[in-house]
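Novice: compute the structure for the input listed below.
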Amino acid sequence: MKQGSELAGLESQPIETSDEASLVSKGCFSTSVRPVRIAGLGAYVPEKVLTNADLEQMVDTTDEWIVTRTGIRERRIAAENEAASDLSLAAARRALEKAGVSPSSLDMIIVATVTGDMPFPATASIVQHALGAERAGAFDLSAGCTGFIYALAVGSSMVGVGVCDTVLVVGVDVLSKITNWKDRSTCVLFGDGAGAAVLKPGSEHSRFLAFDLGSDGGGADLLKIPAGGSRKPITVEAVQAGEQYIQMCGSEVFKFAVRIIVQATQSVLAKCGLKTTDIDAFVAHQANIRIIESAVARLGLPPEKVVVNVDRYGNTSSASIPIALEEAEREGKIRPGDLVVVVGFGAGLSWGAAALYW
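Specialist: Predicted structure coming up:
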């Protein structure tokens, strides 16, 4: 555990304007006045397991080909009647229980997803009703696989400035419902799941330190679903062309991902005056083991500090980071006071990183 000395003694006292400006310039609190922490995590994955051997029966591929190129051995697939709100609800209940928070205490629910139950209403509103969180506001956030990081940034800002005291953030995607199971270049990659975090006021030793968020819309066509929006509504012709499914330029996304993981990690640490050697646990979006290993090598991080579970779940989009965090904490790989860095990247092209003391 490494603590930044410049953050000491700033627990939750009133902050003078000049001091606040200093903290903002360092990126340690952004516009926050009080520290914010993750009070509880929860995760849920569907029961059905789809192995590489199963995929060998569906498309022209092999277990060796998939593992060598992605590191994925199996993934979870939602049942026909399971939607994003169902997965979200299971993860949310576990996070609330871990945090010791009742649904009635929630002030806001943010669901990060690209596979909501419907275009509208927000999946977050469905989750709110199912939880019985009558006091909470609710909305969805769309930032591709980076969605959970963006949602953490929004939720922590709300708690930090006092708009809310308790925020539930959910990252969920049911990518199996938007995957072309005849396209071997994409169908081997994706799985379904949900992860949730409860955000509450923190302390000197348990808090978010900084966020680094970004987007490059010039890469929007590299990872997309062409049809189903106002640009190209669903038509018979669009469905026949498979334009309702994920389309990805894998090689370009790979190069972007490796570069941006390194860049975002270095940027978020610089905002706090910390270095990669200070990191106790590193969690990147679980998209591909080769992406993670390439970025980690460039950052000079030892393997024991890197959390990896892509082999068992595949790419679960917005859910991948909270699922990995929950698993790492439960297994003792993340302990109170540890410096944890999480980094996501995805459609947009978008990226985001957060540094926090656990």
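Novice: so the spatially closest residue to Val154 that is not a sequence neighbour: helix, strand or coil?
Specialist: Once flanking residues are discounted, Val154 sits nearest to Ile110: 6.1 Å by CB to CB, 6 or more residues apart in numbering. Where you see a C-beta, it was placed from the backbone N, CA and C, and this is true even at glycine. Secondary structure, DSSP: H, G, I helix; E, B strand; the rest coil: Ile110 is strand.
Novice: gap between Ile110 and Ala92?
Specialist: Separation of Ile110 from Ala92 (CB to CB, to the nearest Å): 11 Å.
Novice: between the two, tell me which one has more neighbours.
Specialist: Ala92 (31 against 28; other CB atoms under 10 Å).
Novice: what packs against the host helix or strand of that one?
Specialist: Assigned by DSSP states H and E, Ala92 belongs to helix 84-99. With contacts taken as 3 or more CB pairs under 8 Å, 6 or more residues apart in numbering; DSSP states H and E, helix 84-99 sits against strand 36-44, strand 108-112, helix 123-131, strand 167-174, strand 192-201.
Novice: tabulate the ones you listed (a markdown table), appending mean pLDDT.
Specialist: Output for the helices and strands packed on helix 84-99, formatted as a markdown table (pLDDT from 0 to 100):
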| stretch | mean pLDDT |
| --- | --- |
| strand 36-44 | 98 |
| strand 108-112 | 98 |
| helix 123-131 | 98 |
| strand 167-174 | 98 |
| strand 192-201 | 98 |
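Novice: which of those sits most buried?
Specialist: For those, the largest average neighbour count (mean count of other CB atoms under 10 Å) is found in strand 167-174, namely a mean of 32.
Novice: how about low-confidence regions in the stretch 201-350 of the chain?
Specialist: For the stretch 201-350 of the chain, no stretch is flagged by pLDDT under 70.
Novice: and the strands in it?
Specialist: Using DSSP state E, counting those that start in this stretch, the strands of the stretch 201-350 of the chain run over residues 207-215, 223-224, 247-248, 281-284, 306-307, 339-346, 350-357.
Novice: what are the pairing partners of the last one, and which direction each?
Specialist: Here strand 350-357 has these sheet partners by DSSP bridges: strand 207-215 (antiparallel), strand 339-346 (antiparallel).
Novice: output the first one as PDB, restricted to C-alpha atoms.
Specialist: This points to strand 207-215. Output of strand 207-215 as PDB, limited to C-alpha atoms (Å, rounded to 0.1, in the frame of the first residue of the first chain):
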ATOM      1  CA  ARG A 207     -11.300   7.200  -1.900                       C
ATOM      2  CA  PHE A 208     -11.200   7.800  -5.600                       C
ATOM      3  CA  LEU A 209      -8.100   9.900  -6.400                       C
ATOM      4  CA  ALA A 210      -8.600  10.800 -10.100                       C
ATOM      5  CA  PHE A 211     -10.200   9.900 -13.400                       C
ATOM      6  CA  ASP A 212      -9.000  10.200 -16.900                       C
ATOM      7  CA  LEU A 213     -11.700  10.100 -19.600                       C
ATOM      8  CA  GLY A 214     -11.500  10.500 -23.300                       C
ATOM      9  CA  SER A 215     -13.000   9.800 -26.700                       C
END
